[in-house]
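[1] Sequence plus predicted model, see below.
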Amino acid sequence: MSLSKKIKEGNRPFIIAGPCSAESEQQTISVCQEIAKNNSAQMLRAGIWKPRTRPGCFEGVGEEGLEWIVNAGKLTNLPTTIEVAKRSHVELALKAGISSLWIGARTTVNPFAVQEIADALKGVNIPVMIKNPVNPDLSLWLGAFERFEKVGITDLTAIHRGFSVYNHRKYRNVPSWELPIALKEKRSQTPIICDPSHISGKRELLFEVSQKAMDLNFDGLMIETHPDPDNAWSDSNQQVTPAGLKEILDAIIFRSQQVSTDVASQIDEIREKVGDVDDQLFELLYERMKFSEQVGQLKRDNNITILQEEHWTKIINNRLNNSDEYRLTPVFVRQFMDAIHQESIRHQTAIMNPKKKRSDDAKSD
Ligand code: PEP
Ligand code: MN
């Protein structure tokens, strides 16, 4: 059975664990054996070539580490995966007998690199996992899948590892869950694994992100696991020990998508009410836009600009101050009000600057 089918249809969640980087034979094998002993993973990972942001950091042990992770796989009877970023990595990984490959976030952003890897894999039957690009660009992520499919690699899995932003106070890479959800919509057969390690950047957040991914029905998790995380040569803040990994996995609540008929009918009843409220919301928005248009007519007739900055600042601050009362986050209130405001401006613009008919439009009348 293909790996993607196994991940999609097997028992959830499919766990991939192992160190951020293979550092020594002993470190790689001991941590993988411990993970296997705890029954914590269905696949082992290790970074061999590390794409580091700044030069001078540990850039991976390179080729010699391949044998360590392959041996760890043999000793534990588990399949293995490593990151490849160019043709030479692919060739060495295939020669060493690595079971599957993953494309890192810094590679998915680069169509030349993705194409080079795809070309190197032409005619080879190996599963490939594709991390999201570092920037939140769904097309770029989808494009990488298409490049592999075009050369005949169809055993594909997605890995969601978050998106980089400047100085975020909580995450190393913001999850922007709407992107993996959009990917699921476009590629419903492709399994998707969450990588809470690179999203969170710190081990204290791993559980929270993993639980969220499971609640969103992700198919698995990739969690960096190290025998001595504090002294890891890369990503030390986000790695956990095999015992820490077990603790996280034991604590996750796995909710099912299957619902009993009794619960389903209760949910349906409430959903109907939600639908009614949504109907009211849209009817209210319709009414609201009609008032906006009336204001637009007055502005047009009196030659006043659409945007009245002071007025808008007052409105938005008022709503933001009350967000607690509505039990809404200020971020949501802001986005919601901005969306209404944009739409309202669109309605007023149409009133103030009605599209003039072009002469060739007139001809076809
Ligand atoms: C990794 O998995 O160690 C890694 C480098 O990940 P990413 O491509 O998500 O940064
Ligand atoms: Mn890492």
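    Done, it's in. Ligands and ions are numbered 1, 2, ... in the order given.
[2] Verify the contact between M352 and G296 for me.
    Yes: with contact defined as Cβ atoms under 8 Å, M352 counts as touching G296 (5.8 Å). Bear in mind the C-beta positions are built from the backbone N, C-alpha and C, glycine included.
[3] hey, what's in contact with both of these two?
    Residues touching both M352 and G296 (Cβ atoms under 8 Å, 6 or more residues apart in numbering): I306.
[4] Of those two, give the one with the bigger neighbour count.
    A direct count of neighbours by other Cβ atoms under 10 Å for M352 and G296 places G296 higher, at 21 against 16.
[5] Could you report the distance from the more buried one to N302?
    G296 sits 11 Å away from N302, taking Cβ to Cβ, to the nearest Å as the criterion.
[6] what's the nearest residue to the residue most central in space within the chain if we skip its chain neighbours?
    Nearest to the mean C-alpha position of the chain, by Cα atoms, centre = their mean, lies H160 at 3.5 Å. Closest residue in space to H160, ignoring its immediate chain neighbours: P180 at 4.2 Å, by Cβ to Cβ, 6 or more residues apart in numbering.
[7] For ligand 2, what's the nearest residue on the stretch 201-350 of the chain?
    Nearest to ligand 2 in the stretch 201-350 of the chain, going by Cβ to the ion, is D235, at a distance of 3.8 Å.
[8] what sits against that residue?
    So D235 contacts 20-21, 197-198, 224 (Cβ under 8 Å, 6+ apart).
[9] Would you reformat the residues you listed as CSV and include neighbour count, distance to ligand 2 and pLDDT?
    Output for the contacts of D235, formatted as CSV (neighbours: other Cβ atoms under 10 Å; distance: Cβ to the ion, whole Å; pLDDT from 0 to 100):
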residue, neighbour count, distance to ligand 2, pLDDT
C20, 24, 3, 98
S21, 25, 7, 98
S197, 29, 6, 98
H198, 25, 6, 98
E224, 28, 5, 98
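[10] Pick out the most distant pair among those.
    Farthest-apart pair in the contacts of D235 is S21 and H198; separation 13.3 Å (Cβ to Cβ).
[11] Following the helix or strand hosting E116 in sequence, what is the next regular element?
    When elements are assigned from DSSP states H and E, E116 belongs to helix 111-120. Sequence-wise, the next helix or strand downstream of helix 111-120 (DSSP H and E) is strand 128-131.
[12] Run the angle between the following helix or strand past that next one and helix 111-120 for me.
    For strand 128-131, the following helix or strand on the C-terminal side (DSSP H and E) is helix 138-150. Orientation note: helix 138-150 sits at an angle of 20 degrees relative to helix 111-120 (axes from the mean of the first three to the mean of the last three Cα atoms, to 10 degrees).
[13] Please see if helix 138-150 touches ligand 1.
    No: on the criterion Cβ under 6 Å from any ligand atom, helix 138-150 is out of touch with ligand 1, staying 12.4 Å away.
[14] Just list the residues touching the residue of the chain found nearest ligand 1, thanks.
    The nearest approach of the chain to ligand 1 comes at G104, 3.1 Å away (Cβ to the nearest ligand atom). Applying Cβ under 8 Å, 6+ apart to G104 gives the contacts 51, 83, 85, 131.
[15] Could you report the pLDDT at the closest residue to F254 other than its chain neighbours?
    Closest residue in space to F254, ignoring its immediate chain neighbours: M214 at 6.0 Å, by Cβ to Cβ, 6+ apart. pLDDT for M214: 95.
[16] Could you list the low-confidence segments of the chain?
    Across the chain, the ranges flagged by pLDDT under 70 are 356-365.
[17] mind running it again at 50?
    Scanning the chain for pLDDT under 50 picks out 361-365.
[18] coming back round to it: assign the residue nearest to H160 to helix, strand or coil.
    helix (DSSP: H, G, I helix; E, B strand; the rest coil).
[19] Next, the contact list for L121, please.
    Applying Cβ under 8 Å, 6+ apart, we find L121 in contact with 90, 101, 128, 148, 151, 153.
[20] Tell me which other helices or strands whichever strand or helix holds L281 touches.
    Assigned by DSSP H and E, L281 belongs to helix 261-301. When contacts are defined as 3 or more Cβ pairs under 8 Å, 6 or more residues apart in numbering; DSSP states H and E, helix 261-301 sits against helix 330-352.
[21] Just want the angle from the helix it packs on to helix 261-301.
    40 degrees.
[22] For this protein, what lies in contact range of ligand 1?
    So the chain meets ligand 1 at 20, 47, 51, 104-106, 131, 161, 198 (Cβ under 6 Å from any ligand atom).
[23] now these in TSV, with secondary structure?
    As requested, the residues of the chain next to ligand 1 are arranged in TSV below (three-state DSSP):
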residue	secondary structure
C20	coil
G47	strand
P51	coil
G104	coil
A105	helix
R106	helix
K131	strand
R161	coil
H198	helix
